[in-house]
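Undergrad: mind looking at a prediction? Sequence and model below.
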Amino acid sequence: MNSRILAAVAGVVAALAIAPAAQAAPSPGRAACPEPGPGFARCLTHYGTTTGFKAAVDGWGATDLASAYKLPATGGTDTLVAISIAFDAPTLENDLNEYRRTFGIPECTTANGCFRKVNQNGDAAPLPQPNFGWAVESTLDVSMVSAACPTCKILVVEGNTNSFADLAATEDTAIRLGAKVVSNSYGAREMGQNLAFAKSYDRKDVTVVASSGDSGFTAGSFPAVFSSVVAVGGTVLERDDSTPRGWIESTWQFGGSGCSAYIAKPAWQKDKSCSKRTTSDVSAAADNIAIYVSDNGWFTVSGTSASAPFIAGLFGRNGGTAGKGALYKHAADLFDVTSGTNDFLGGGTKCGQDYLCVAQPGYDAPTGVGTPNGLGAFK
């Protein structure tokens, strides 16, 4: 592994080891990417409750997610799913295939034509400078796409930086290179500065998926807030053999939801408390997710940066043409999440116990119209 990456890994592990047991407010964990300055987005991965690296899988892996979401054991397409990301992840292909081998998924490599990594111009070289936090994000993204769609091809487009302009360029390049689904696991507060890049994300020709954010109930989050983008919230999965499903699911307290200040409400959204675009649209597990990093091992992460690429993979498994409207049309084919709130300080008081921050039967903003129950809602 690159020496700069190893140094960053050591720093993260050391910081986690001495982190105080008590905090002034709840936290989803230590952010893999620091809060950026104006004009830049942050990757949304956090180090979860289990810290440090391990020799064996710790956290939910691909087989757990397939069980929880009733995914068929076989079938799927070779749809090209792209990851829009910043900076280079030098060991990404190796890390991806360690994950896939561990969970019995066929390898996805450059040699067999399944995996491709390019810069924001679409070229194999030169790649951007490496960055450990964003590399963890990339590893999580490709792992979650693989868990949802073992047969999909994967394209990773790396921006030179995490600026809005460079990330928008990765989006455009991914679509130009043939991606039918593009996943975005980064975000920033909705503002006029990032809305200027709407044309790169607000697409009708492909399915664009984005994390809803990891700050709980707030305003809209770029790029999830755009009208045709599928905004993905987060949940917490737990095993429960007393239920027919074998799992229970609740709102992840940090998963993003919000009411846009700028974006018109899409025709398929009918909620009453927000006159403009409401996020999220759908959700999936965002906590206790296992990933592998070369030379270090397995560790757990959290964030809607896990749920978004998983949902992207499900769209890819059905060919990538469904789009957001299908989710609302086929809400009966999803699991309805009805417990929990993403007002992690006020327990729902921030939105007046409204559906904008409290889960309820049917649509609610933290979890959207629900979580996957097979593939029926993604076609």
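TA: Structure received.
Undergrad: mind naming the longest strand for this structure?
TA: strand 230-239 (DSSP state E).
Undergrad: what is the mean pLDDT for that one?
TA: Mean per-residue pLDDT for strand 230-239: 97.
Undergrad: partner strands of that strand, with direction?
TA: strand 207-211 (parallel), strand 247-251 (antiparallel), strand 282-285 (parallel) (DSSP bridges).
Undergrad: can you pull out the strands in the stretch 151-300 of the chain?
TA: Secondary structure of the stretch 151-300 of the chain (DSSP state E, counting those that start in this stretch): strands at 153-159, 181-184, 186-189, 207-211, 217-219, 221-222, 230-239, 247-251, 257-264, 276-279, 282-285, 289-293, 297-302.
Undergrad: packing partners of the second one?
TA: Same thing as strand 181-184. Contact here means 3 or more C-beta pairs under 8 Å, 6 or more residues apart in numbering; DSSP states H and E; on that basis strand 181-184 packs against strand 80-86, helix 164-176, strand 207-211, helix 304-317. In short, each C-beta sits where N, CA and C put it, glycine included.
Undergrad: may I see the buried residues of it?
TA: Residues of strand 181-184 classed as buried by neighbour count (16 or more other C-beta atoms under 10 Å): 181-184.
Undergrad: among these, which one sits closest to Ala68?
TA: Ala68 lies nearest to Ser183 out of the buried residues of strand 181-184, by C-beta to C-beta, at 19.5 Å.
Undergrad: was I right to think the closest one contacts Ala308?
TA: Yes. Look at Ser183 against Ala308 with C-beta atoms under 8 Å: they come within range, at 5.6 Å.
Undergrad: between the two, which contacts overlap?
TA: 209-210 (C-beta atoms under 8 Å, 6 or more residues apart in numbering).
Undergrad: C-alpha coordinates for the lengthiest helix in the chain, CSV please?
TA: When the chain is parsed with DSSP state H, its longest helix is helix 132-148. Listed next in CSV are the C-alpha coordinates belonging to helix 132-148 (Å, rounded to 0.1, in the frame of the first residue of the first chain):
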residue,chain,number,x,y,z
PHE,A,132,-7.2,7.4,2.5
GLY,A,133,-10.7,8.6,3.5
TRP,A,134,-11.9,8.7,-0.1
ALA,A,135,-10.3,5.4,-0.8
VAL,A,136,-12.3,3.8,2.1
GLU,A,137,-15.4,5.4,0.5
SER,A,138,-14.5,3.9,-2.9
THR,A,139,-14.0,0.5,-1.3
LEU,A,140,-17.3,0.6,0.4
ASP,A,141,-19.1,1.7,-2.8
VAL,A,142,-17.8,-1.1,-5.1
SER,A,143,-18.4,-3.6,-2.3
MET,A,144,-22.0,-2.6,-1.9
VAL,A,145,-22.7,-2.6,-5.7
SER,A,146,-21.2,-6.1,-5.7
ALA,A,147,-23.4,-7.2,-2.8
ALA,A,148,-26.6,-6.0,-4.6
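Undergrad: so what does it touch, helix or strand wise?
TA: helix 3-17, strand 42-43, helix 62-68, strand 80-86, helix 92-102, strand 153-159, strand 289-293, helix 304-317.
Undergrad: tell me which of those sits most buried.
TA: Of all the helices and strands packed on helix 132-148, helix 304-317 carries the top mean neighbour count, a mean of 32, counting by mean count of other C-beta atoms under 10 Å.
Undergrad: okay, now the residue lying closest to Tyr328 once chain neighbours are set aside: neighbour count?
TA: Of all residues not flanking Tyr328 in the chain, Trp268 sits nearest, at 4.3 Å (C-beta to C-beta, 6 or more residues apart in numbering). Using other C-beta atoms under 10 Å, the number of residues around Trp268 comes to 14.
Undergrad: got it, and Val369?
TA: For Val369, using other C-beta under 10 Å, the count is 26.
Undergrad: now the phi/psi pair for it, please.
TA: phi -90, psi 0 (degrees, to the nearest 10).
Undergrad: now do the contacts for it.
TA: 281-282, 327-328, 331, 334, 336, 362-363, 377.
Undergrad: export the strands paired with strand 230-239 to TSV and append columns for mean neighbour count, mean pLDDT and distance to Ser275.
TA: Shown next, in TSV, are the strands paired with strand 230-239 (neighbours: other C-beta atoms under 10 Å; pLDDT from 0 to 100; distance: least, C-beta to C-beta, whole Å):
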stretch	mean neighbour count	mean pLDDT	distance to Ser275
strand 207-211	31	97	22
strand 247-251	22	98	23
strand 282-285	30	98	21
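Undergrad: out of these, nearest to Ala174?
TA: strand 207-211 (9.5 Å).
Undergrad: check contacts around Trp252.
TA: 233-236, 283, 286-287, 302, 304, 340, 342, 366.
Undergrad: give me the number of residues near the nearest residue to it once chain neighbours are set aside?
TA: Leaving out its chain neighbours, the residue that sits closest to Trp252 by C-beta to C-beta, 6+ apart is Gly234, at 3.6 Å. Applying other C-beta under 10 Å, we find 34 residues neighbouring Gly234.
Undergrad: swap in Ile175?
TA: 19.
Undergrad: Asp333 now?
TA: Neighbours of Asp333 (other C-beta under 10 Å): 18.
Undergrad: isn't it right up against Leu327?
TA: No. The criterion here is C-beta under 8 Å, and Asp333 misses it with Leu327 at 9.1 Å.
Undergrad: including distance to Glu137, could the contacts of Trp252 go into TSV?
TA: Below are those laid out as TSV (distance: C-beta to C-beta, whole Å):
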residue	distance to Glu137
Gly233	18
Gly234	15
Thr235	19
Val236	20
Ser283	19
Ala286	13
Asp287	16
Ser302	12
Thr304	12
Gly340	25
Asn342	21
Pro366	22
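Undergrad: returning to what we had before: ok, and the most crowded of the contacts of Val369?
TA: Asp281 (29 neighbours).
Undergrad: quick check: it touching Lys329?
TA: No. Under the criterion of C-beta under 8 Å, Asp281 is not in contact with Lys329, lying 11.9 Å apart.
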